[in-house]
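Asks: Pasting the sequence and the predicted coordinates here, then a few questions.
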Amino acid sequence: MRSTVGWQVEGSSSTLRRTSLERRDLRPDDIAVRVDYCGVCHTDAHAVGARDGEEGRPLVPGHEFTGVVTEAGPAVTRFTVGDPVAVGNIVDSCGECAMCRAGQENFCHAFPTLTYDGIDRHDGSTTLGGYSREYVVRDRFAYPLPAGLDPAAAAPLLCAGITVWEPMHALGVGPGTRVAVAGLGGLGHLAVKIAVALGADTSVVSRSPDKVDDARRLGAHGLIVSTNPEQMADARDRFDVVIDTISAPHDLGPYLHLVAMDGTLSHLGHLGSITVETTDLLAGRKKLSSGGSGGRPATAAMLDFCAEHGITADIEVLPSTQVNEALDRLRRNEVRYRFVLDMSDLD
Ligand SMILES: NC(=O)c1ccc[n+]([C@@H]2O[C@H](COP(=O)([O-])OP(=O)(O)OC[C@H]3O[C@@H](n4cnc5c(N)ncnc54)[C@H](O)[C@@H]3O)[C@@H](O)[C@H]2O)c1
Ligand SMILES: [Zn+2]
Ligand SMILES: [Zn+2]
């Protein structure tokens, strides 16, 4: 085993503490990555919160990071030492099922191995995430970081970016499509930038009227205040695609009302059971969909697209020692629009 340092939740605490961690020795197709920057996703906050009171498995969050290859196994052909790389929220899959063969490793029938709190397919260990100085990953699940993308601001593309990219791509978002993005946070602000770059007529739906300037700056044509019944009524049936990135459980009805005839609400935010009034789907033959992360081909395509269009996240970089503060502020919705931890203070 190799040893590194990271930020871990221990026992029943919801506070992360600096801890030494073990990484596996490199398998033939593994690379070791020095993690430089790791984004703070709301899923990390959910995971830490869910662990509260639960003893047992160690939790090291972090599933959108960039860094540099420090070592490569003998079977690795795509990377050499010194290459800048990016890693997202999936680090392995069976490679054989229909989903994997279709390049949708994120939907692997044998379940994809998650970057943290997942089960390693070979040794059964719990995966420990990117809030650490080193990560060991199968080379297939690391991506070359395109030149020109700032490594700190690009880190959030690997979860937030791909999670909104894949469904928008699948739903044909492009010139002439009317897109609304609900929830202007980490996922939401990247959804706006990507939809705008794809040529869609893009709007934001937010509780916060004070985000109107940000919405415009991100390229959206306007902001619909979700707490304003008149504005919501005016926007009825207006959007071909509504991308819902809201981090808390909520009624989907008001957002389905915004969907145009035969359009789709893509529910990407808070995971869990939801209740839907079927009449909200019936009136207008509306579709309810979801998505999560992306397959390898889509992730590579998303990175190329973002490099071509100069798209990265709007970030606030914090030293990794401030990880608990970052998670607290994220829970209070005090982020515009992604915290990124600088891991160099772990040396
Ligand atoms: N489907 C996936 O694979 C996937 C991937 C990443 C994140 N997620 C989930 O997506 C959600 C968003 O993640 P994020 O990192 O962008 O979070 P974030 O905190 O950056 O953004 C969430 C946004 O939702 C808004 N919001 C919160 N509660 C709301 C409410 N009740 N009504 C309206 N707006 C509300 C917040 O103000 C914020 O703008 C999280 O639940 C996260 O776990 C899912
Ligand atoms: Zn995430
Ligand atoms: Zn599979």
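Replies: Sure thing, it's come through. Ligands and ions are numbered 1, 2, ... in the order given.

Asks: Could you report the neighbour count for residue 50?
Replies: 12 (other CB atoms under 10 Å). C-beta coordinates here come from the backbone N, C-alpha and C atoms, glycine included.

Asks: tell me the phi and psi of it?
Replies: With angles defined as degrees, to the nearest 10, residue 50 sits at phi -70, psi -30.

Asks: next one: residue 77
Replies: Main-chain torsions, residue 77, degrees, to the nearest 10: phi -120, psi -20.

Asks: Packing partners of whichever helix or strand residue 31 is part of?
Replies: Assigned by DSSP states H and E, residue 31 belongs to strand 30-39. In terms of contacts (3 or more CB pairs under 8 Å, 6 or more residues apart in numbering; DSSP states H and E), strand 30-39 is packed against strand 65-72, strand 84-87, strand 134-138, helix 151-154, strand 338-342.

Asks: what angle sits between the last one and strand 65-72?
Replies: Going back to what we said before, that points to strand 338-342. Computed by axes from the mean of the first three to the mean of the last three CA atoms, to 10 degrees, the angle separating strand 338-342 from strand 65-72 equals 30 degrees.

Asks: Report whether strand 338-342 contacts ligand 1.
Replies: No. Shown here: strand 338-342 not in contact with ligand 1 (CB under 6 Å from any ligand atom), separated by at least 6.8 Å.

Asks: Single out the most deeply packed of the helices and strands packed on strand 30-39.
Replies: The highest average neighbour count among the helices and strands packed on strand 30-39, using mean count of other CB atoms under 10 Å, belongs to strand 338-342 at a mean of 25.

Asks: How far does it sit from its chain's centre?
Replies: Taking CA atoms, centre = their mean, to the nearest Å, one finds strand 338-342 lying 13 Å from the centre of the chain it belongs to.

Asks: ok, that strand: who's next to it in the sheet?
Replies: Strand 338-342 pairs in its sheet with strand 30-39 (antiparallel), strand 315-319 (parallel), by DSSP bridges.

Asks: who's in contact with the closest residue to residue 128 other than its chain neighbours?
Replies: Of all residues not flanking residue 128 in the chain, residue 60 sits nearest, at 3.9 Å (CB to CB, 6 or more residues apart in numbering). By CB atoms under 8 Å, 6 or more residues apart in numbering, residue 60 lies in contact with 6, 7, 8, 9, 19, 21, 116, 128, 129, 131, 132.
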